[in-house]
Each structure stands twice: as C-alpha cells, then as structure tokens.
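Colleague: The following comprises the amino acid sequence and a computationally predicted model.
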Amino acid sequence: MTTEHAPRLRGLYFITPAVPEGADPRATHLANAEAALRGGARLVQFRDKTLAGDAREAIARELVALAHAHAALCIINDDTDLAARVDADGVHLGRDDPDPADARRRLGPHAVIGISCYNELDQARAAQTAGASYVAFGSVFPSPTKPDAARADLELLREARATLDLPICAIGGITPANAPEVVATGADLLAVIQGVSAAPDPEAAARRISVLFD
C-alpha cells in the first residue's frame, strides 16, 4: 500500500452517474453522492464526460466537501489538473489518460492514484511498480454504463489478490445482489454506479454493499 490513505481504500466506491438529458448536473451528482455516502460509501468519484469549465469545478468542490463531511475520500476521474485545483484526494486514470507519474508529481506523495487495468494483470503489476494506490479490474459483470468493456471475471480478481500487494478495485455491473461474490474474491473496493444510483432506494442499496466490508 503506497499512500497514507491506503488503509481507507476499502469498501463501497461510488462513481457519479451520467446526468439524464434535461436534468440539473449539480443536483444529480450531489444527490446521488449524498445517498451513497449516507449508505456507507468510503470513496466517491466525480465522473462527468460532458460538463466543463466553472460549472464542473464548482460541482467537484462541493463533492470534495461532501465526501469529507462523511469522512470519505473524493477522487476525480481523468483530470489531474481539476483534482489539484479542488484539493481532491486523488485521481483515477485510464489507458488514454495522463501519465500516472505526472499525476503523482502534480498531486503529491499522499494522493490516491487509481489505475484502470481492465482485464490485464501485467498492466496491474506495472501500475503497482509505478506507485499506484489501487488498481481497478473490470467489467466484472455486463455493465449498462460500458456494454462493450473488456470482461474481468472473478477468477482474475482472485489471481490479482494472490499476486498483488495493493488494494484491488472491482468495477462493472456490480449490484447489491452480486456484490457478495465479488467481495469473496478478496477485492478491497467495489466501484458501483447504477447498482446504487438506479436502485429504488439508493441509500439502502449502498448500505447493502457497504455492510459486506464490516
């Protein structure tokens, strides 16, 4: 484990969902994040591929404050500069995002740097060597958010847990119903979007996942 936050990299990791057409982005992101945090989420990731400029930064600042009020962490998707400006706890990076080493230099030694490794264990080993705070594998199950995503099955998660020395995040199609079998692989973090946000009671859905880590 590579940062001072590492002991807290365990539990439900909520990622904000896409904003429905015509909906207010601020209200959508904050309401979903608050429900997840009330349900026990330990990390919130601000992910919005359409919003830009001051509006995006303002929402990010509010999410950081909201997460910290719940003693949780707030991670920014893709955007190291935004993470630095709003004093977020870190950044999550994918294959086509900025270099993790640059993110570490920009955000400092204690920042959380998460790396998407899809279904590639060798990439996860490289990320560990490079100083990642956690690595993410997925899609574990078919995902409505990314239906064409590479699949990372439960056996891969078990192999990753047996061979890696940093927190492992599972993502993709995870719901309260299938979360127990993912936790049983040894995954430290369960990253969830619609499994919480699209539930009839998002707070209750978040709690069903969170209690699996008690």
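Modeller: Sure, I can see it.
Colleague: who touches the closest residue to Ala72 other than its chain neighbours in this structure?
Modeller: In space, not counting the residues next to it along the chain, Ala72 is nearest to Arg42; the distance is 5.3 Å by CB to CB, 6 or more residues apart in numbering. Yep, even glycine has a C-beta here, placed from its N, CA and C like the rest. If you count contacts by CB atoms under 8 Å, 6 or more residues apart in numbering, Arg42 has them with Arg8, Leu9, Arg10, Gly11, Leu12, Tyr13, Ala72, Leu73, Leu189, Ser210.
Colleague: Compute the distance between the residue nearest to Val211 when sequence neighbours are not counted and Leu190, please.
Modeller: Distances taken as CB to CB, 6+ apart place Gly40 nearest to Val211, at 7.1 Å, with adjacent residues excluded. In this structure, Gly40 lies at 11 Å from Leu190, with CB to CB, to the nearest Å as the measure.
Colleague: Now do the residue nearest to Ala72 against Glu21, distance only.
Modeller: Relative to Glu21, Arg42 is positioned 31 Å away (criterion: CB to CB).
Colleague: What of Gln194?
Modeller: Distance, Gln194 to Glu21, using CB to CB: 16 Å.
Colleague: Settle it for me: which of these two has more neighbours?
Modeller: Per other CB atoms under 10 Å, whichever of Gln194 and Glu21 has more neighbours is Gln194, with 18 against 5.
Colleague: what number of residues lie near the nearest residue to that one once chain neighbours are set aside?
Modeller: Spatial nearest neighbour of Gln194, excluding adjacent residues (CB to CB, 6+ apart): Pro144 at 5.6 Å. Using other CB under 10 Å, Pro144 is surrounded by 12 other residues.
Colleague: Within the helices and strands, which one has Pro144?
Modeller: In the assignment (DSSP states H and E), Pro144 maps to no helix and no strand.
Colleague: Pro17 is in contact with Val44, correct?
Modeller: No - taking contact to mean CB atoms under 8 Å, the distance of 11.8 Å between Val44 and Pro17 leaves them out of contact.
Colleague: Neighbour count for the two, which is higher?
Modeller: Val44 (28 against 20).
Colleague: which helices and strands sit right next to the strand or helix carrying the more buried one?
Modeller: Assigned by DSSP H and E, Val44 falls within strand 43-46. If you count contacts as 3 or more CB pairs under 8 Å, 6 or more residues apart in numbering; DSSP states H and E, strand 43-46 packs onto strand 11-15, helix 25-38, helix 53-69, strand 73-77.
Colleague: Try it again at 6 Å.
Modeller: For strand 43-46, the helices and strands in contact under the criterion 3 or more CB pairs under 6 Å, 6 or more residues apart in numbering; DSSP states H and E are strand 11-15, helix 53-69, strand 73-77.
Colleague: Single out the most deeply packed of those.
Modeller: Neighbour counts (mean count of other CB atoms under 10 Å) averaged over each of these peak at strand 11-15, with a mean of 27.
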